[in-house]
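S.K.: following is a predicted model, sequence given first.
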Amino acid sequence: MGACGRFPACLICSPESASEAVLAGIEAVPVRHLAEAGAYLRGTFEPPPVEPIRASTNGSYPDLADVRGQERARRALELAAAGRHNLLLAGPPGTGKTMLARRLPGILPALTLEQALEVTRIHSVAGLLPVGRPLVDRPPFRAPHHTASTAAIVGGGPGPRPGEASLAHQGVLLLDELGEFHRPALEALRQPLEDGFVAIARVQGRCVFPARILLVGTMNLCPCGARGDPAVECSCSPQRLASYRDKLSRALLDRFDLVVVVPRARSRELGAPGEPSPGVRKRVEAAAAVERPQLAPEANELLDRAVDMLPLSARGRAKVGRVATTIAALAGASIVAPEHVAEALSYRSPAELAAWS
C-alpha cells in the first residue's frame with residue numbers, strides 16, 4: 001500500500017474486492033495474479049481505475065399492496081417503521097402474519113451513507129457481500145429458522161463471528177414462529193434490544209458487534225394454532241399450553257412496543273388490494289424526519305393512570321410514550337394528545353395474550 005493519485009493510499013487487491021476497497025476511501029489496484037502485481041510495481045502495467053459505487057442493486061422488497069384487509073396490522077407495521085418499534089404479530093395460522101412481516105423492510109427509509117458503510121462492513125466480515133454489489137444501501141432483512149442456535153442468533157463461535165442480530169443491524173430481524181425458538185436464544189436478544197450491540201466475551205478477549213435492530217416476531221397463540229380462531233376449537237392441553245408459554249419470558253414480551261393479534265380476514269376484506277409500499281414509505285420518511293412532539297399534560301396523566309390500571313412496567317410506560325409520539329408525528333400533530341396515547345395503549349396486552357403476562 002502506498003500513496004496514489006485520487007486517494008491518500010492505494011491497495012493492491014483482487015478485482016472482486018476492488019469496489020469494496022474504494023468505498024473505504026482507498027484507491028484500489030485490481031490485479032488478477034502476482035505477475036500483474038509485479039508489473040504494476042515496476043510501472044509497466046496500469047489497471048483501469050475503479051470508480052466508487054454509491055448505490056447497489058439489492059432488489060426490491062415485497063409490496064404491501066399484496067396484503068388484503070388486516071388494516072390494524074398494517075397500521076402497526078407503519079408505526080413500527082416510522083418509530084423503529086419492535087412488533088409482535090400473533091394469531092391463528094393463515095392470517096398473513098409472515099406476509100405482513102416480510103413487507104416491513106420495504107417501507108423503511110433508505111440507509112444514510114454512514115449507516116450503509118457500517119452495515120456493509122458487517123456483511124463483508126461475514127463474507128455475505130455479493131460480487132458486484134459492494135454497498136448495502138437498503139435496510140437488511142434477516143429471517144433465521146426457529147432451530148437456530150444462540151450463537152447463530154447473537155453471534156459467537158470460535159472466531160467469533162457476527163450473528164443474525166448483527167447482520168440485521170439497521171434493518172429487520174424476523175423471528176417467524178417465535179414460540180418455537182429455543183428459549184436461551186430468545187433471552188440472549190434482550191441485551192442487544194436494549195443496548196444496540198452484542199458483547200461476546202472469550203478467554204482471548206471481548207468482541208462487540210453492532211446490533212441496532214427492528215425486531216418482528218410472529219407466532220400462533222397455542223401449539224395447535226386454533227386458539228383465537230372462532231371457527232376451530234383448540235385441542236391443546238393445559239400442560240402443553242403452559243409449556244408453549246414458557247418459551248417466552250415476560251421480560252422478552254415487554255420489549256415489544258407493539259403487540260397485535262391478527263384475526264382471520266372476512267371474505268369482504270379480501271377483494272381490493274391494499275395501499276402499495278411506496279405511499280406508506282413516504283409517510284414513514286416524513287414522520288422520521290420531523291422533530292418529535294412533546295406529550296401534553298393530559299397525555300401524561302393518561303399514561304400515569306395506565307400504569308396503575310394495567311400491567312404496565314416502567315419500561316412499558318416509556319415504550320407507550322414513544323409509540324404515542326410516533327403516532328402524533330405520523331398525524332403531523334405538534335403535541336402528543338390523549339388520543340395518541342390511547343391508540344398506543346391499545347397495542348399493549350391484548351385480551352388474547354392476557355394469560356402470557
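M.R.: Noted; the coordinates are in hand.

S.K.: could I have the CA atoms of stretch 313-320 written out in CSV?
M.R.: Included here for stretch 313-320 are C-alpha records, laid out as CSV according to Å, rounded to 0.1, in the frame of the first residue of the first chain:
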residue,chain,number,x,y,z
SER,A,313,-43.9,-1.7,33.8
ALA,A,314,-41.7,1.4,33.8
ARG,A,315,-40.2,0.1,30.6
GLY,A,316,-43.7,-0.4,29.2
ARG,A,317,-44.7,3.2,30.1
ALA,A,318,-41.7,4.6,28.3
LYS,A,319,-42.4,2.4,25.2
VAL,A,320,-46.1,3.5,25.2
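
S.K.: mind listing what's buried in that stretch?
M.R.: The neighbour-count check on stretch 313-320 (16 or more other C-beta atoms under 10 Å) flags 316-317, 319-320 as buried. Using the backbone N, CA and C atoms, a C-beta is placed for each residue, glycine as well.

S.K.: could you identify the most distant pair in these?
M.R.: 317 and 319 (7.3 Å; C-beta to C-beta).

S.K.: in the stretch 151-300 of the chain, which spans are strands?
M.R.: Across the stretch 151-300 of the chain, reading from the start of the chain, the strands by DSSP state E, counting those that start in this stretch fall at 172-175, 197-202, 205-210, 214-219, 258-261, 294-295.

S.K.: mind listing what's buried in the lowest-mean-pLDDT helix or strand in the chain?
M.R.: Between all helices and strands in the chain, the lowest mean by mean pLDDT, DSSP states H and E belongs to helix 15-23, at a mean of 77. When neighbours are counted by 16+ other C-beta under 10 Å, the buried residues of helix 15-23 are found to be 17-23.

S.K.: before we move on, the earlier item: got a markdown table for the strands of the stretch 151-300 of the chain, with mean pLDDT and mean neighbour count too?
M.R.: Conversion of these to a markdown table gives the following (pLDDT from 0 to 100; neighbours: other C-beta atoms under 10 Å):
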| stretch | mean pLDDT | mean neighbour count |
| --- | --- | --- |
| strand 172-175 | 98 | 25 |
| strand 197-202 | 87 | 16 |
| strand 205-210 | 87 | 14 |
| strand 214-219 | 97 | 25 |
| strand 258-261 | 94 | 22 |
| strand 294-295 | 94 | 16 |
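
S.K.: where in the stretch 251-357 of the chain is pLDDT low?
M.R.: For the stretch 251-357 of the chain, residues meeting the criterion pLDDT under 70 lie at 267-269, 271, 349-357.

S.K.: all helices of it, in order?
M.R.: Secondary structure of the stretch 251-357 of the chain, counting by DSSP state H, counting those that start in this stretch: helices at 277-289, 297-309, 314-331, 338-345.

S.K.: about what we covered before: output the buried residues of stretch 313-320 in TSV, with distance to residue 99 appended to each entry.
M.R.: Below are the buried residues of stretch 313-320 laid out as TSV (distance: C-beta to C-beta, whole Å):
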residue	distance to residue 99
316	28
317	32
319	25
320	27
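
S.K.: the nearest residue to residue 233 once chain neighbours are set aside: neighbouring residues, count only.
M.R.: Across the structure, with C-beta to C-beta, 6 or more residues apart in numbering as the measure, the residue nearest residue 233 apart from its sequence neighbours is residue 226 (6.2 Å). Using other C-beta atoms under 10 Å, residue 226 has 18 other residues around it.

S.K.: now do the same contact list for residue 226.
M.R.: By C-beta atoms under 8 Å, 6 or more residues apart in numbering, the residues touching residue 226 are 92, 232-236.

S.K.: outside of stretch 293-309, which residues touch it?
M.R.: Residues lying outside stretch 293-309 but in contact with it, judged by C-beta under 8 Å, 6+ apart, are 312, 317, 320-321, 324-325, 328-329, 333-338, 340-342, 345.

S.K.: please repeat the previous calculation with a cut-off of 6 Å.
M.R.: Contact partners of stretch 293-309, identified using C-beta atoms under 6 Å, 6 or more residues apart in numbering, comprise 312, 317, 328, 333-338, 341, 345.

S.K.: between the helices of the stretch 251-357 of the chain, which one is closest to residue 64.
M.R.: Of all the helices of the stretch 251-357 of the chain, helix 277-289 sits nearest to residue 64, with 4.6 Å by C-beta to C-beta.

S.K.: what helices or strands is that closest one leaning on?
M.R.: Helix 277-289 makes packing contacts with helix 71-83 when contacts are defined by 3 or more C-beta pairs under 6 Å, 6 or more residues apart in numbering; DSSP states H and E.

S.K.: pull the CA atoms of the next helix-or-strand element following the helix it packs on into PDB?
M.R.: The first helix or strand that comes after helix 71-83 along the chain, using DSSP states H and E, is strand 87-90. These are the backbone C-alpha positions of strand 87-90, laid out as PDB (Å, rounded to 0.1, in the frame of the first residue of the first chain):
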ATOM      1  CA  LEU A  87     -43.500  -5.600  16.700                       C
ATOM      2  CA  LEU A  88     -45.200  -8.900  17.700                       C
ATOM      3  CA  LEU A  89     -47.900 -10.300  15.400                       C
ATOM      4  CA  ALA A  90     -49.900 -13.200  16.900                       C
END
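
S.K.: return the distance of the following helix or strand past strand 87-90 from the chain's centre.
M.R.: Going down the chain from strand 87-90, the next helix or strand is helix 97-101, by DSSP H and E. Between the mean C-alpha point of helix 97-101 and the mean C-alpha point of its chain there is a distance of 13 Å (C-alpha atoms, centre = their mean, to the nearest Å).
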